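> build the 3D model from these lines:
(4 chains)
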There are 2 protein chains.
Amino acid sequence: MAEAEAESTAGVQPRATGLRSTRQRRAVLEVLGRCPEFISAQELHALLADSGSTVGLTTVYRTLRELDRAGLVDVVRDEGGERLYLRRPTDEHRHYLICRCCGRSRPVDAEAVERWAAGLAELTGFAELEHTLELSGVCADCRQAEATAPCRQAPPLLAAESGTQDGLG
Amino acid sequence: MAEAEAESTAGVQPRATGLRSTRQRRAVLEVLGRCPEFISAQELHALLADSGSTVGLTTVYRTLRELDRAGLVDVVRDEGGERLYLRRPTDEHRHYLICRCCGRSRPVDAEAVERWAAGLAELTGFAELEHTLELSGVCADCRQAEATAPCRQAPPLLAAESGTQDGLG
DNA sequence: CGTCGACGTGAAAACCATGTTCATTTAGCA
DNA sequence: TGCTAAATGAACATGGTTTTCACGTCGACG
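Below you'll find the predicted structure:
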């Protein structure tokens, strides 16, 4: 398996998350970081295999769960309840609008919702209020394409290489 | 099994939903209608068994799916992705605030979110915009109880009997 | 620089909600 | 009442996710 590529890149940050830096985790973060759209654990697993890094499916699931706990990824559920992951670019709480056709997502400024939810906490006496907002629709591109094709074009799976900036150590 | 109770009550509405009125569907609606909080298909299945109506788990799932399609129940997903159902009191699109401790829910007027989502459609060029908003927290009661007990008190499973008002026919 | 223990890995199997199949029953119209 | 499409349900299939457990390896400490 292609081991060197990952080994060489990462400067192995000091314990930002309490997670050990392993070849597998580095690979997961590396591929995930180049993924412009939400993907499932299984897709990520396949992508890893394609890119030469053998990472067990179990480990992919486990790593994704840890990354979620550590706040390094955003998680969303598709209609079937399957979890989809996206490397979180910042620390802000984000909401996404996802195209049901092509799967492309765009972050959405949900200030208004955020504020409304905060107010709701006071109003109702509920504490530790959490909210999940899933937005989906059909993007302009797909709407246009739909005229001819029956929809379901695949989203781009990987973006160009980039300097590794993991959260391990 | 207690069959007569259901038979006698329902005036078997004219095909409001295109669904046939069967003993099983009547039982599901009857129990669901007395359920003050969201419950899972499995819980409902157990509840049905308790109340003397034998309804296959398959049928419970199928019926719930149909009721969802017909807009007669609200569906929500818990943290594990499991679907939870609640007989919908009205036809409005509702959002719920659910207590993570006791499971009790309260409908929430989400006008603001609704309006915001509508505006978002225009802004982004997305069509057929759908949104799911899941709100959870810890209600005042549970917060108080938490001081002593470690949480997780069970919600009331069934309310008192009521006049049957199904949506079948 | 070597040791060692805790943490990480992964193949296989378990789990669990949900869907599908198909033979049988039933609702409800003619 | 008879007939047919729809509904039922037991068994089975599915598929995402977690658990198990034997083995590997990271990295702290000497």
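
> how far out from the middle of the chain is stretch A:57-72?
11 Å (C-alpha atoms, centre = their mean, to the nearest Å).

> I meant stretch A:121-130, not that one.
28 Å.

> same question for that stretch, mean pLDDT?
Stretch A:121-130 shows a mean pLDDT of 88.

> span of it from start to end?
With C-alpha to C-alpha, to the nearest Å as the measure, the ends of stretch A:121-130 fall 10 Å from one another.

> for it, which positions count as buried?
Using 16 or more other C-beta atoms under 10 Å in any protein chain shown as the test for burial, stretch A:121-130 gives A:A121, A:T124, A:F126, A:L129. For glycine as for every other residue, the C-beta is placed from the backbone atoms N, C-alpha and C.

> make a markdown table from those residues and add secondary structure and distance to DNA strand C to it.
A markdown table is the format used below for these (DSSP: H, G, I helix; E, B strand; the rest coil; distance: C-beta to the nearest atom of the strand, whole Å):
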| residue | secondary structure | distance to DNA strand C |
| --- | --- | --- |
| A:A121 | helix | 28 |
| A:T124 | helix | 27 |
| A:F126 | coil | 25 |
| A:L129 | strand | 24 |
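
> tell me the one of these nearest A:E30?
A:L129 (35.1 Å; C-beta to C-beta).

> thought the closest one was touching B:G137?
Yes - using C-beta atoms under 8 Å, A:L129 is in contact with B:G137, at 4.0 Å.

> overlap in contacts of the two?
Both A:L129 and B:G137 are contacted by A:A121, B:L97, under the criterion C-beta atoms under 8 Å, 6 or more residues apart in numbering or on different chains.

> show me the helices in chain A, by range?
Assigned helices in chain A, in chain order: A:4-9, A:23-33, A:41-50, A:57-69, A:111-124, A:140-146 (criterion: DSSP state H).

> let me know the pLDDT of A:Y85.
96.

> next up, the contacts around it.
A:32, A:38-41, A:44, A:64, A:67-68, A:73-76.

> try 6 Å
Contact analysis of A:Y85 by C-beta atoms under 6 Å, 6 or more residues apart in numbering or on different chains lists A:L64, A:V73, A:V75.

> now, of those, which are buried?
Counted by 16+ other C-beta under 10 Å, those give A:L64, A:V73 as buried.

> and DNA strand D, which of the contacts of A:Y85 contact it?
Counting by C-beta under 7 Å from any atom of the strand, nothing from the contacts of A:Y85 sits close to DNA strand D.

> so which of the contacts of A:Y85 also contact chain B?
By C-beta under 6 Å from any C-beta of the partner chain, no member of the contacts of A:Y85 lies near chain B.

> which bits of chain A sit near DNA strand C?
A:19-20, A:22-25, A:54-59, A:62-63, A:81.

> redo that, cut-off 6 Å
A:L19, A:R20, A:T22, A:Q24, A:R25, A:T54, A:V55, A:G56, A:T58, A:T59, A:R62, A:T63 (C-beta under 6 Å from any atom of the strand).
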